[in-house]
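Student: please find the sequence and the predicted model below.
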Amino acid sequence: MYREICGEFGYDEEADAKSADLLSSILASRVVPTLSDLESMCPTSVTICGDGPSLRAALAEHPPEGYVVAADGATTALMEVGLAPDAIVTDMDGAIEDQLRASAGGSLVFAHAHGDNTRAVREVVPRFKGPVVGTCQGPPTSGLVNLGGFTDGDRAACIFSGLGARRIVLMGFDFDRPSPKPMRSPDVKARKLRWAKRILSTLSEQGVTIEGL
């Protein structure tokens, strides 16, 4: 799927690799949880919050219980209602200060490197105070992992299903109504969400229970 996605959106695999190398070099001086560490802490069921328009209403109606994962900007909505996520999956284009605050409070951060976020990798990753795991979308370089996924939300599902979760509850995933972002094309976002839905459907076909798809 990765090469299909690169072809559709014009992504540069070499640029992805360079960003991954940068992230690897930044994390080289830190103690990074190993895959076995992550597998041992992974619950069988997780709730993943996406940064869709429906998230705040969903949080007000049914606050999530158990292990909660925020996809990038969903961190802000969770923090607003006093819920610090157990983990954050981010390519660092959301509200960074909220993610930094959650990290300082102990949230596990999966920081993602791709060709378009090299600056964020360089400037933001060193500021995370809590545990950080580096992820990439090409062949993983030293110290990084690639458990699949494309957008932050479906990548979170790939990560946690890859670590052992068999039930994933989705909140705030609005596949047909994406949240607007400054300087971002709504058409491109809609196409990305179609890919996210396809990837999540693939996980479901592989035996992972996906609720809210």
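Tutor: Everything's here; your move. Bear in mind that the values here come from a model prediction, so they are computed numbers and not experimental data.

Student: for the chain, what spans make up the helices?
Tutor: For the chain, applying DSSP state H gives helices covering 2-9, 13-27, 35-41, 55-61, 74-80, 96-104, 118-124, 152-163, 186-205.

Student: and for the residue nearest the centre of the chain, nearest residue in space, chain neighbours not counted?
Tutor: For the chain, the residue sitting closest to the mean C-alpha position, by C-alpha atoms, centre = their mean, is residue 89 at 2.8 Å. Closest residue to residue 89 apart from its sequence neighbours, by C-beta to C-beta, 6 or more residues apart in numbering: residue 156 at 3.9 Å. C-beta coordinates here come from the backbone N, C-alpha and C atoms, glycine included.

Student: how many neighbouring residues does the one you found have?
Tutor: By other C-beta atoms under 10 Å, the residues close to residue 156 number 28.

Student: quick one: contacts for it?
Tutor: Contact analysis of residue 156 by C-beta atoms under 8 Å, 6 or more residues apart in numbering lists 48, 69, 71, 87, 89, 110, 149.

Student: next one: residue 124
Tutor: So residue 124 contacts 92, 96, 100, 111 (C-beta under 8 Å, 6+ apart).

Student: how close does it get to residue 197?
Tutor: 28 Å (C-beta to C-beta, to the nearest Å).

Student: likewise residue 121?
Tutor: Taken as C-beta to C-beta, the span from residue 121 to residue 197 is 27 Å.

Student: what about the two, which has more around it?
Tutor: Shown here are residue 121 and residue 197; by other C-beta under 10 Å, residue 121 has more neighbours (25 against 17).

Student: pLDDT score assigned to that one?
Tutor: The model reports residue 121 with a pLDDT of 97.

Student: from residue 111, how far out is it?
Tutor: 7 Å.

Student: which neighbours do the two share?
Tutor: 23, 92.

Student: can you say which of the helices of the chain is nearest to residue 177?
Tutor: helix 186-205 (9.1 Å; C-beta to C-beta).

Student: residues near the nearest residue to residue 35 once chain neighbours are set aside, how many?
Tutor: Computed as C-beta to C-beta, 6+ apart, the closest residue to residue 35 that is not its neighbour in sequence is residue 145, at 6.6 Å. By the measure other C-beta under 10 Å, the count of residues near residue 145 is 19.

Student: now do residue 71
Tutor: Neighbours around residue 71, by other C-beta under 10 Å: 33.

Student: where's the residue of the chain positioned farthest from its centre relative to residue 188, distance?
Tutor: Residue farthest from the centre of the chain, counting by C-alpha atoms, centre = their mean, is residue 61 at 23.7 Å. Here residue 61 is placed at a distance of 30 Å from residue 188 (C-beta to C-beta).

Student: same check on residue 160?
Tutor: Applying C-beta to C-beta to residue 160 and residue 188 gives a distance of 26 Å.

Student: contacts only, for residue 165.
Tutor: Residue 165 neighbours (C-beta under 8 Å, 6+ apart): 42-46, 208.

Student: now with 10 Å?
Tutor: Contact analysis of residue 165 by C-beta atoms under 10 Å, 6 or more residues apart in numbering lists 42-46, 48, 67, 69, 157, 159, 208-209.
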